[in-house]
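Colleague: Quick check, what structure comes out for this input:
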Amino acid sequence: MKKYLLPLALTFAFFIPSSLFSADSVKVNLQKAIEIALSESPTMRIADRDVQTKKYYKSEQIATFFPDVSLSASYQRTLKKQVMTMAMGGQDMSIEVGTSNNYVAGLNFSLPLVMPTMWYNMKITNIDVELALENARSSKISLINEVKKAFYGVLMAQESYDVLMKNYRNVELTNQNINEKYERGMASEFDKLRSDVQLKNQKPNITAAENGLKLATMMLKVLIGVDINEPMSFDGKLSDFEDEVVNASIPDLQSLNLSNNSSLKQLEYSKRELELSRKIVVSSACPTLAMAGTYQYMAMSNDFKFSNYNWVPYSYIGFSLNVPIISWAGTSYKIKQTDLSIQSLEDQRATLEKNLWVSATNSLNSLTKASDELVSNKETMLQAEKAYSIVKKQYELGMATWLDLNSAELAMISSQLAYYQSIYDYISASADLDAVLGKE
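Modeller: Sure thing, here's the model as predicted:
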């Protein structure tokens with residue numbers, strides 16, 4: 001029985017998907033992470049709902065230009081009829097007027113003909129839709145920038161963890177060699193103790209790097225809108241961006257254009273809304289013209305014999321003109337308030353534009369600095385790795401001390417981390433510059 005179970009178990013294991021054995025069964029690159037964020041992030045869903053709400057409000061405003069039609073019906077019971085007195089033949093005569101039951105049913109309609117305020121409100125609604133779309137674009141740009149930087153942060157944490165793990169394995173191997181030499185009497189007890197201490201000192205750094213990687217991964221998952229327990233790993237290395245850094249053409253500050261910046265565009269839309277609000281204030285003091293009409297049937301009776309009622313039609317159509325006279329007294333002050341708001345908005349725009357140029361300049365400086373550092377850091381890293389290999393051989397042959405090996409090892413770790421840091425600084429600054437320029 002056993003000789004059949006083993007082949008069956010191996011066959012079963014062969015056909016089981018490997019993803020079932022992997023905690024991180026889904027690999028996600030940068031582009032895929034951005035796509036997931038744009039489709040799953042609550043920020044984008046809220047922005048889309050805001051756009052749809054503004055479009056519905058626009059449709060509501062359009063409906064105000066159509067006739068307003070309504071059905072109406074009323075019933076009135078007279079408790080005490082009105083008495084009319086008149087003189088007839090030298091004597092006063094009193095007559096009760098009206099009936100006990102009065103019915104009215106009909107169709108009413110109204111239509112605005114000249115309403116300047118409504119037209120300007122409609123224009124403001126159109127700007128509201130454009131502003132909502134721009135807000136959604138701003139949210140998209142901000143989300144893409146955050147996802148990029150979070151993704152780069154995960155890659156940086158992964159590279160740091162890999163460097164420390166590689167160093168830990170080197171220290172562990174060196175510790176094994178020293179222990180073997182100590183057992184053969186070729187190394188002192190001091191060297192052995194010092195090597196053991198160095199190996200134990202590496203573990204807190206490894207734990208800290210591992211925790212940092214987990215935290216960066218969870219933060220990125222939250223940002224793109226997936227559960228933190230979702231089996232997912234982020235694919236890529238910082239070294240993949242090396243060619244982009246080396247071959248990049250850093251733009252000149254004068255060649256940059258902030259016209260596509262979302263914050264500036266939103267302020268421009270707000271200014272246009274204030275200008276239209278000023279026109280609304282002026283138009284509210286202008287004459288308005290509206291048309292209204294009705295078509296009704298009326299019946300009056302003292303009993304409830306509905307079949308005998310005489311329903312009499314009644315209809316009319318008319319125009320109403322409203323000319324404000326005293327309202328100009330407060331309108332001038334409202335206009336002045338709106339003018340001050342426009343001036344404040346222009347000052348805000350000027351201040352924002354200056355700050356954006358500062359951000360753009362800072363990003364360009366970071367790009368230049370990171371690009372220059374990458375070349376020297378890579379060369380330093382290659383030299384440090386070579387120096388470590390030489391010192392390691394020398395130490396194994398007894399031509400170098402443990403301090404020489406430790407110094408070479410620290411220099412190699414520092415150069416590797418500096419190499420990855422320069423790449424991270426460049427691509428992060430590039431993402432910030434794209435956000436300032438309004439690139440999606």
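
Colleague: got a list of what the residue most central in space within the chain touches?
Modeller: For the chain, the residue nearest the mean C-alpha position is residue 139 (3.0 Å; CA atoms, centre = their mean). If a contact means CB atoms under 8 Å, 6 or more residues apart in numbering, then residue 139 has 43, 44, 46, 47 as its contacts. The way it works is simple: take the backbone N, C-alpha and C, and place the C-beta from them, glycine included.

Colleague: how about 6 Å then?
Modeller: 43, 47 (CB atoms under 6 Å, 6 or more residues apart in numbering).

Colleague: Show me what counts as buried in stretch 117-126.
Modeller: Using 16 or more other CB atoms under 10 Å as the test for burial, stretch 117-126 gives 117, 119, 120, 121, 123, 124, 125.

Colleague: Outside of it itself, which residues are in contact with it?
Modeller: Contacts for stretch 117-126 (CB under 6 Å, 6+ apart): 58, 61, 273, 276, 279, 280, 283, 284.

Colleague: Send me it as PDB with only the CA atoms.
Modeller: The C-alpha trace of stretch 117-126 is given here as PDB (Å, rounded to 0.1, in the frame of the first residue of the first chain):
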ATOM      1  CA  THR A 117     -30.800  85.400 -12.600                       C
ATOM      2  CA  MET A 118     -31.900  82.000 -13.900                       C
ATOM      3  CA  TRP A 119     -29.600  82.300 -16.900                       C
ATOM      4  CA  TYR A 120     -26.600  83.200 -14.800                       C
ATOM      5  CA  ASN A 121     -27.400  80.400 -12.300                       C
ATOM      6  CA  MET A 122     -27.300  78.000 -15.300                       C
ATOM      7  CA  LYS A 123     -23.900  79.300 -16.300                       C
ATOM      8  CA  ILE A 124     -22.600  78.800 -12.700                       C
ATOM      9  CA  THR A 125     -24.000  75.300 -12.800                       C
ATOM     10  CA  ASN A 126     -21.900  74.500 -15.900                       C
END
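
Colleague: any idea how far the spatially closest residue to residue 82 that is not a sequence neighbour is from residue 79?
Modeller: Leaving aside its sequence neighbours, residue 82 sits nearest to residue 97 (CB to CB, 6 or more residues apart in numbering; 4.8 Å). Here the criterion is CB to CB, to the nearest Å. By it, residue 97 lies 14 Å from residue 79.

Colleague: host element of residue 206?
Modeller: helix 189-224 (DSSP states H and E).

Colleague: Report the rounded mean pLDDT for that helix.
Modeller: The pLDDT scores in helix 189-224 average 88.

Colleague: gap between that helix and the chain center?
Modeller: 34 Å (CA atoms, centre = their mean, to the nearest Å).

Colleague: where are the low-confidence patches of the stretch 51-200 of the chain?
Modeller: By pLDDT under 70, the stretch 51-200 of the chain has no low-scoring segment.

Colleague: follow-up on the earlier one: and residue 97 and residue 79? Which one has more around it.
Modeller: residue 97 (9 against 5; other CB atoms under 10 Å).

Colleague: what about the helices in the stretch 251-400 of the chain?
Modeller: 262-283, 328-396 (DSSP state H, counting those that start in this stretch).

Colleague: which stretch among the ones you listed comes nearest residue 239?
Modeller: In terms of CB to CB, the element of these nearest to residue 239 is helix 328-396, at 9.7 Å.

Colleague: what is the mean pLDDT for the helix or strand following that closest one?
Modeller: Scanning forward in sequence from helix 328-396 by DSSP H and E, the next helix or strand is helix 402-437. The average pLDDT within helix 402-437 is 91.

Colleague: now helix 402-437 against helix 189-224, angle please.
Modeller: Between helix 402-437 and helix 189-224, the angle comes out at 10 degrees (axes from the mean of the first three to the mean of the last three CA atoms, to 10 degrees).

Colleague: Got the domain ranges for the chain?
Modeller: Using automatic domain parsing, the domain parsing of the chain gives 24-66+115-286+328-437, 69-79+94-114+290-323.

Colleague: Name the stretch among those that sits most buried.
Modeller: Of all these, domain 24-66+115-286+328-437 has the most neighbours on average by mean count of other CB atoms under 10 Å, namely a mean of 16.

Colleague: any weak-confidence spans in the stretch 251-400 of the chain?
Modeller: 327-329.

Colleague: let's go with 90 and repeat that
Modeller: 251-255, 280-287, 301-309, 322-336, 375, 392-400 (pLDDT under 90).

Colleague: quick one: the strands in the stretch 51-200 of the chain?
Modeller: 68-77, 82-88, 91-97, 101-114 (DSSP state E, counting those that start in this stretch).

Colleague: on that earlier part again, now render the helices of the stretch 251-400 of the chain as TSV, adding distance to residue 109.
Modeller: Output for the helices of the stretch 251-400 of the chain, formatted as TSV (distance: least, CB to CB, whole Å):
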stretch	distance to residue 109
helix 262-283	24
helix 328-396	31
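
Colleague: so which of the ones you listed comes closest to residue 184?
Modeller: helix 328-396 (13.7 Å).

Colleague: Could you name the helices and strands sitting against the closest one?
Modeller: For helix 328-396, the elements it packs on are helix 262-283, helix 402-437, judged by 3 or more CB pairs under 6 Å, 6 or more residues apart in numbering; DSSP states H and E.

Colleague: if you set the cut-off to 8 Å instead, what comes out?
Modeller: Under the contact definition 3 or more CB pairs under 8 Å, 6 or more residues apart in numbering; DSSP states H and E, helix 328-396 sits against helix 116-183, helix 242-246, helix 262-283, helix 402-437.
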